[in-house]
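Enquirer: Provided below are the primary sequence and the corresponding predicted coordinates.
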Amino acid sequence: MIEFQNVSFSYGEGKPVVEHLSFSIQEGETVGLIGANGAGKSTIMKLLLGLLSGSGDILVDGLPVSKQNLPAIRKKVGFVLQDSDNQMFMPTVYEDMIFGPRNYGLSREETEKRVDSVLQTLGLTELKHRYNHKISGGEKRMAAIATILAMEPAIILMDEPSTALDPVNRRTVINTIRSLPQTKLIASHDLDMILDTCQRVILLSHGAIAADGDAEVILRDKALLEANRMELPFCLQGWHR
């Protein structure tokens, strides 16, 4: 579903943010993308969507990421941005949620069913007609996730999905991610959430892959994580009162 072949990208004349990057993600996989700040996580997602352009080849469900293919690719891929304010641009949650499905030709009736189903699953029914500028940061985060789920994309990208969430909403997002059949790529510093949701982890360091494999193995490797400016998930640190 996702393939990077020898991909490099740099901002201006600076050092490459990602360099000679190659990996593939199969249909139905849930993959965690981890690494310290500046490792290249968000850049990879923007390259995948054609928001940035570098060298090498990127394929989404067999389609090369190119200008002519972007409309088809963006119908297949839903992107939950790190900053919800950059994603929620309509006056109300409801208007944001129907924007994508309606623009892709879904009927009003089917769109309404999707919206109500997603809101019920996430426990957000009361937000349906709320104004985006009058809801909290955590509520807006949940609404942004709901907006993408209503589009039912084949691939879901999430950039720090647990940011600003209280424990109850964080657990709801984790349970939702685990229940979704789509291919998912999740970039996060929340390693406990990655451990709860992902079978596989790609660890980035300075734009290259430091490790790629079973999430349990990588996230329990204290030496590997510390060598790449990260720490064990809290649940594995053995803290005691």
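Expert: Perfect, thanks for sending it. Residues are numbered from 1 along each chain as shown.
Enquirer: Using the three-state scheme, assign the most centrally placed residue in the chain.
Expert: The chain has Met158 as the residue nearest its centroid, 1.1 Å off, counting by C-alpha atoms, centre = their mean. Here Met158 takes the strand state, with states given by DSSP: H, G, I helix; E, B strand; the rest coil.
Enquirer: Going forward, the N-terminal residue is numbered 649.
Expert: From this message on, residue numbering opens at 649, which makes the last subject Met806.
Enquirer: Look up how far Pro739 lies from it.
Expert: Separation of Met806 from Pro739 (C-beta to C-beta, to the nearest Å): 25 Å. C-beta: built from backbone N, CA, C; applies to glycine.
Enquirer: Can you pull out the low-pLDDT segments for the protein?
Expert: Within the chain, the stretches with pLDDT under 70 are 887-889.
Enquirer: in it, which spans are helices?
Expert: Using DSSP state H, the helices of the chain run over residues 689-696, 718-724, 741-751, 756-769, 785-797, 815-827, 839-845, 863-867, 870-875.
Enquirer: Give me the residues contacting the second one.
Expert: With C-beta atoms under 8 Å, 6 or more residues apart in numbering as the contact definition, helix 718-724 has outside contacts at Leu697, Gly698, Val708, Asp709, Leu711, Val713, Tyr752, Pro801, Ala802, Ile803.
Enquirer: Okay, buried residues for it please.
Expert: Within helix 718-724, the residues scored as buried using 16 or more other C-beta atoms under 10 Å are Ile721, Arg722, Lys724.
Enquirer: And for the fifth one?
Expert: Along helix 785-797, the positions that meet the burial threshold by neighbour count (16+ other C-beta under 10 Å) are Gly786, Glu787, Lys788, Arg789, Met790, Ala791, Ala792, Ile793, Ala794, Thr795, Ile796, Leu797.
Enquirer: wait, doesn't the fourth one sit right on Asp807?
Expert: No: taking contacts as C-beta atoms under 8 Å, Arg789 lies outside contact range of Asp807: 11.3 Å.
Enquirer: hang on, the earlier thing: want to try a markdown table for the contacts of helix 718-724, with distance to Ile682 as columns?
Expert: Output for the contacts of helix 718-724, formatted as a markdown table (distance: C-beta to C-beta, whole Å):
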| residue | distance to Ile682 |
| --- | --- |
| Leu697 | 20 |
| Gly698 | 24 |
| Val708 | 22 |
| Asp709 | 24 |
| Leu711 | 27 |
| Val713 | 23 |
| Tyr752 | 32 |
| Pro801 | 22 |
| Ala802 | 23 |
| Ile803 | 19 |
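Enquirer: Among those residues, which one is most surrounded by other residues?
Expert: Val708 (23 neighbours; other C-beta atoms under 10 Å).
Enquirer: Name all residues that make contact with that one.
Expert: The contact partners of Val708, by C-beta under 8 Å, 6+ apart, come to Met649, Ile650, Leu696, Ile721, Lys724, Val725, Ile803.
Enquirer: OK, contacts around the last one?
Expert: Listed by C-beta under 8 Å, 6+ apart, the contact set of Ile803 reads Met649, Ile650, Val708, Asp709, Lys724, Val725, Gly726, Gln830, Thr831, Lys832, Leu833.
Enquirer: which residues touch Asp807?
Expert: Counted by C-beta under 8 Å, 6+ apart, Asp807 has contacts Lys689, Ser690, Met693, Phe727, Val728, Leu729, Gln730, Ala835, Ser836.
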